[in-house]
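Colleague: Following is a predicted model, sequence given first.
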Amino acid sequence: MTEKAFRLEMPRVLRSGIVFASPHSGDNYLGSFLDRSILNDLQIRSSSDAYVDALFAMAPKFGAPLLAAKVPRAFVDLNRAPDELDPALIRDVPKKAQNPRVASGLGVIPRVVANGRAIYSGKLSRQEAEDRLAQYWHPYHRQLKQLMEQGKRQFGASVLIDCHSMPHEAIGEPHLRNQRKPEVVLGDRFGASCSSEVMDQVESAFVRAGLTVARNAPFAGAYIAQTYGRPSHNQHAVQVEIDRSLYMDERSIEPHGGFDALRRVLTDVVADLVSMGQDQLPIAAE
């Protein structure tokens, strides 16, 4: 299924309550957007989770859906609340209580990309912002909600694997001398968006595949994890951040020789997770 807001790849047979989604890998840079921006083609892609949807493209073959945004994060950020509008960018938006994401330019309609580089030279109209939400934000979230409800209905519980990538420089140095830097950071908002049992199983799938995993630092999960993670209602959400340096050159934003190797590793992870979602998910007591 395809529409302008997202691409949805469904399996022939749904075999699991696991849902894979990639909200920040969209690469449809509309001409009207590029014309408004003061950034060059490379700069405007710098905050994208480029190729993450391709890394998880095998999910439907194992029996799980894959939902991927089509428009880029710099155009509309699907991992923000729809009311996180930036008065510094959008006209006629009243100033609210301090929101650190909005204040830094990373609201639902971003003002900046990576390293704080401004996207526009002036402001956008409130109507333009609302149109973007209506055309792209709301359809994506309606579809995601439907997938999560379908998984829970058929399998008793659903788990969102919210797929992202992180700059290598975002990963701090290990605390212990012989400790490896994490290659994957799993975020469950410190237990609020996912039960400990499900989180343990998700982490185990990545560890069994040979990846080094950390939890909730430096990324614990944002709007999507907060909204779709309801462990007491048998609905879980885990944000997955993968070190970009594993699969692409972060300067040119092009895949390098490690891309295929990582995709093979993630194939094992996806197979493991889908199997987990068939009949091994703990169900909360009514």
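Modeller: Sure thing, it's come through.

Colleague: Only C-alpha atoms from now on, for both contacts and neighbour counts.
Modeller: Will do.

Colleague: Now do the strands in the stretch 101-250 of the chain.
Modeller: When assigned using DSSP state E, counting those that start in this stretch, the strands of the stretch 101-250 of the chain occupy the ranges 158-166, 184-187, 213-215, 235-243, 248-249.

Colleague: Quick one: those strands as a markdown table, columns for mean neighbour count and mean pLDDT too.
Modeller: Compiled in a markdown table, the strands of the stretch 101-250 of the chain are given as follows (neighbours: other Cα atoms under 10 Å; pLDDT from 0 to 100):
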| stretch | mean neighbour count | mean pLDDT |
| --- | --- | --- |
| strand 158-166 | 25 | 97 |
| strand 184-187 | 26 | 98 |
| strand 213-215 | 18 | 96 |
| strand 235-243 | 26 | 98 |
| strand 248-249 | 16 | 97 |
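
Colleague: With distance to Thr227 as new columns, can the ones you listed be given to me in a markdown table?
Modeller: Converted to a markdown table, the strands of the stretch 101-250 of the chain look like this (distance: least, Cα to Cα, whole Å):
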| stretch | distance to Thr227 |
| --- | --- |
| strand 158-166 | 11 |
| strand 184-187 | 13 |
| strand 213-215 | 19 |
| strand 235-243 | 9 |
| strand 248-249 | 30 |
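
Colleague: wait, which of those is closest to Leu273?
Modeller: The stretch from the strands of the stretch 101-250 of the chain with the least distance to Leu273 (Cα to Cα) is strand 158-166; that distance is 9.2 Å.

Colleague: so how far is that closest one off the chain centroid?
Modeller: Taking Cα atoms, centre = their mean, to the nearest Å, one finds the center of strand 158-166 at 5 Å from the center of the full chain.

Colleague: helices or strands up against it?
Modeller: In terms of contacts (3 or more Cα pairs under 8 Å, 6 or more residues apart in numbering; DSSP states H and E), strand 158-166 is packed against strand 18-22, helix 52-55, helix 138-155, helix 223-228, strand 235-243.

Colleague: So which other helices or strands are in contact with the third one?
Modeller: Contacts defined by 3+ Cα pairs under 8 Å, 6+ apart place helix 138-155 against strand 18-22, strand 158-166, helix 258-279.

Colleague: Nearest approach to Ala59 belongs to which of the ones you listed?
Modeller: Proximity of those to Ala59 was assessed by Cα to Cα; the nearest stretch is helix 258-279, lying at 6.3 Å.

Colleague: ok, residues contacting that closest one?
Modeller: 15-18, 55-56, 58-59, 62-64, 155, 158-159, 201-202, 205-206, 208-210, 246-248 (Cα atoms under 8 Å, 6 or more residues apart in numbering).

Colleague: How many residues are close by Val198?
Modeller: With neighbours defined by other Cα atoms under 10 Å, the count for Val198 comes to 21.

Colleague: From Gly191, how far off is it?
Modeller: Applying Cα to Cα, to the nearest Å, the value for Val198 to Gly191 is 10 Å.

Colleague: Same check on Ser121?
Modeller: 41 Å.

Colleague: of the two, who's got more company?
Modeller: Between Ser121 and Gly191, Gly191 has the larger neighbour count (other Cα under 10 Å), namely 17 against 12.

Colleague: And the more buried one, its phi and psi?
Modeller: Here the main-chain torsion angles of Gly191 (degrees, to the nearest 10) amount to phi 100, psi -10.

Colleague: residue contacts, it?
Modeller: If you count contacts by Cα under 8 Å, 6+ apart, then Gly191 has nothing around it.

Colleague: where in the stretch 101-250 of the chain is pLDDT low?
Modeller: Using pLDDT under 70 as the threshold, the predicted model of the stretch 101-250 of the chain has low-confidence ranges 172-179.

Colleague: give me that answer again for 90
Modeller: Screening the stretch 101-250 of the chain residue by residue with the criterion pLDDT under 90, one finds the ranges 115, 169-181.

Colleague: For Ser25, which residues are in contact?
Modeller: Ser48, Asp49, Ala50, Tyr51, Val52, Asp53, Ala68, Ala69, Lys70, Pro72, Arg73, His164.

Colleague: Filter the contacts of helix 258-279 down to the buried ones, PyMOL style.
Modeller: Selecting just the buried residues from those in PyMOL takes one command, with 16 or more other Cα atoms under 10 Å as the test:
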select buried, resi 15+16+17+18+55+56+58+59+62+63+64+155+158+159+201+202+205+206+246+247+248
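
Colleague: All good on my end, thank you.
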